[in-house]
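Chemist: Quick one: sequence plus predicted model below, questions after.
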Amino acid sequence: MNFKPSFFKEFPHSIVLLFFIIVLATLATHIIPAGTFDRVLIDGRLRVIAGTYRLIAEQPLGLMDMFIAMPKGFGVAIEVIWVVMASGIMFGILEKSKMIENVVGTLIFKLGLKRRLIIVVVLTYLFGLLGVMVGYENNIAMIPIAATISLALGGDLMLAAAIAVGGVTVGFGLSPINPYTVGTGHKIAELPMFSGALMRSMLCFSALTVLAYFNRRYFKKIIKNPKQSLTQGVDQSGFGLTKDLSTYRLQNKDLLILFIFLSGLVFMLFGVFQWHWYLNQISAIFLMISIIAGWASGMSSKTIGETSFQSISLVAPGAFMVGFAATIKVILEEASIGDTIAYELAQSLNGLSVYGSALGMSLAQLLINFAIPSGSGQALATLPIMIPTGELLGLTRQTTILAFQIGDGVSNLMNPALGGLIAMLSLCRVTFDRWLKFILPVMGVILLISWLYLLVGVAINWGPF
């Protein structure tokens, strides 16, 4: 009798997949030697000093250490976990007030379902623009709205994630004015801030066009056959419309709550750009919006409390995944192998042709992104090494930074260690394993197009402008 364990019958669940990665990271601490670079404090950030890499005492993690790293990961990711909770509560209150449903229902009725394929394409570009202009986690409040719109159009939650999470991730990752990657890189390379914006803008638009094409194709497929949906069986409660489109009208209460929501977002963005607010302040604004919107809608304190608990129960799995994924970062840091990975990947580029070195550098940054998922953190850790390495290989500084941006930005689409990605997927109730089934082909095409732009940069000896 042939026995095949059910464990291998399908793609592993998200939590199982992450556990495998955590185990591999732990095993890597026994294989990869510990090492470090010297660092210098510049503008409040620690920057690697090129040429200072050295081996240090081995610090491999044991089985007990691996499991202890898990609660430590939750400590590291607590700000992201809390913003997921706060965003979930806010959306739950707004959904309970019926404001989002009424706004989306009225909007779709006015536009008409005949234009729904065009709407999906436009929304992809719109969320991409939000990624370019607003940032990454700053857009988290907009993600559930995409879920309501997608279901109203006849789509599913995967389409919502593709539009919103995919759009924001591509727009942010390949943004010509990304302050964390391009901005930090230009400071390190001593180039004019956000120079080369034209080529970067063309790349970002091309990547969003690829995403829009895949989104439209997926939407047509599930319209034709709903069984092709990648989110079959996922709870859609709270997202869908509850009545016929023709019956939706905006009431004064809806306009008031919409005003409260938008005012809160504008104030949040002002704080982000003017006062450098981050996740804790964003969470605070979300909770303020929740309380004020609840009162404005006429909810009792009991209803607000019950709705908050129900909302938390829906986003709790995603919040757990954020903390669980942060375990990978803890393991690599405690074993001190992150710098070794960066150093060895940089050394592996020696001997390649100028075109091969550009592609190799991009691929190296892609791999490093799984160890250092922070864009600015990766820039500070790797670009002081990569920029002089690139110049020795014949690459301009601008091209080296583009290689870094491509490696970091495109791989963000499937990086389980990126807390913001896991958080936003959770708000669409899309598990990471299902997301991979959709996004891997998209990412492959975007990566190929990005590498074509990179090769053009090498061919024209791309300078500051």
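Modeler: Nice, I can see it. For clarity, every value in this text was computed on a predicted model and none was experimentally measured.

Chemist: In contact with residue 126, which residues?
Modeler: Residue 126 makes contacts with residue 167, as judged by CB atoms under 8 Å, 6 or more residues apart in numbering. Glycine gets a C-beta too; all of them are placed from N, C-alpha and C.

Chemist: element containing it?
Modeler: Element membership of residue 126, judged by DSSP states H and E, is helix 116-133.

Chemist: Next, the contact list for the residue lying closest to residue 166 once chain neighbours are set aside, please.
Modeler: The shortest distance from residue 166 to any residue other than its chain neighbours is 5.2 Å, reached at residue 211 (CB to CB, 6 or more residues apart in numbering). Neighbour list for residue 211: 124, 128, 162, 166, 167, 170, 442, 446 [criterion: CB under 8 Å, 6+ apart].

Chemist: Columns pLDDT and distance to residue 325 on top of those, output as CSV?
Modeler: Conversion of the contacts of residue 211 to CSV gives the following (pLDDT from 0 to 100; distance: CB to CB, whole Å):
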residue, pLDDT, distance to residue 325
124, 98, 26
128, 97, 24
162, 98, 21
166, 98, 19
167, 98, 22
170, 98, 20
442, 98, 21
446, 98, 22
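
Chemist: which of those residues has the most neighbours?
Modeler: Highest neighbour count within these, by other CB atoms under 10 Å: residue 162, with 32 neighbours.

Chemist: Tell me if I'm right that that residue and residue 434 touch.
Modeler: No - the pair residue 162 and residue 434 does not pass the contact test of CB atoms under 8 Å, sitting 11.2 Å apart.

Chemist: Past the host helix or strand of residue 212, which element shows up next along the chain?
Modeler: Assessed by DSSP H and E, residue 212 sits inside helix 197-224. The element immediately downstream of helix 197-224 (helix or strand, assigned by DSSP H and E) is helix 252-274.

Chemist: Show me the contact partners of that following helix.
Modeler: By CB under 8 Å, 6+ apart, the surrounding residues in contact with helix 252-274 are 94, 97-99, 102-103, 134-135, 138, 141, 277-278, 281-282, 285-286, 288-289, 292-293, 296-298.

Chemist: out of those residues, which are buried?
Modeler: Using 16 or more other CB atoms under 10 Å as the burial test, the contacts of helix 252-274 include 94, 97-99, 102-103, 134-135, 138, 141, 277, 282, 285-286, 288-289, 292-293, 297 as buried.

Chemist: what comes up buried for the helix holding residue 126?
Modeler: For helix 116-133, the neighbour count (16+ other CB under 10 Å) marks 116-117, 119-121, 123-132 as buried.

Chemist: between it and helix 197-224, how many degrees?
Modeler: 150 degrees (axes from the mean of the first three to the mean of the last three CA atoms, to 10 degrees).

Chemist: from the middle of its chain, how far away would helix 116-133 be?
Modeler: 16 Å (CA atoms, centre = their mean, to the nearest Å).

Chemist: pull the CA atoms of stretch 108-122 into CSV?
Modeler: Output of stretch 108-122 as CSV, limited to C-alpha atoms (Å, rounded to 0.1, in the frame of the first residue of the first chain):
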residue,chain,number,x,y,z
ILE,A,108,-20.4,51.6,-8.0
PHE,A,109,-24.1,52.3,-8.9
LYS,A,110,-23.0,55.7,-10.4
LEU,A,111,-20.1,54.2,-12.4
GLY,A,112,-22.0,51.1,-13.5
LEU,A,113,-20.9,47.4,-13.4
LYS,A,114,-20.3,47.5,-17.2
ARG,A,115,-17.1,49.5,-16.4
ARG,A,116,-15.9,47.2,-13.7
LEU,A,117,-12.8,45.9,-15.6
ILE,A,118,-11.7,49.5,-16.2
ILE,A,119,-12.4,50.3,-12.5
VAL,A,120,-10.0,47.5,-11.4
VAL,A,121,-7.2,48.8,-13.7
VAL,A,122,-7.8,52.4,-12.4
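
Chemist: now the strands: where do they sit in the stretch 301-450 of the chain?
Modeler: Applying DSSP state E, counting those that start in this stretch to the stretch 301-450 of the chain gives no strands.

Chemist: just the stretch 51-200 of the chain next, same as before
Modeler: Counting by DSSP E, counting those that start in this stretch, the strands of the stretch 51-200 of the chain are 54-55.
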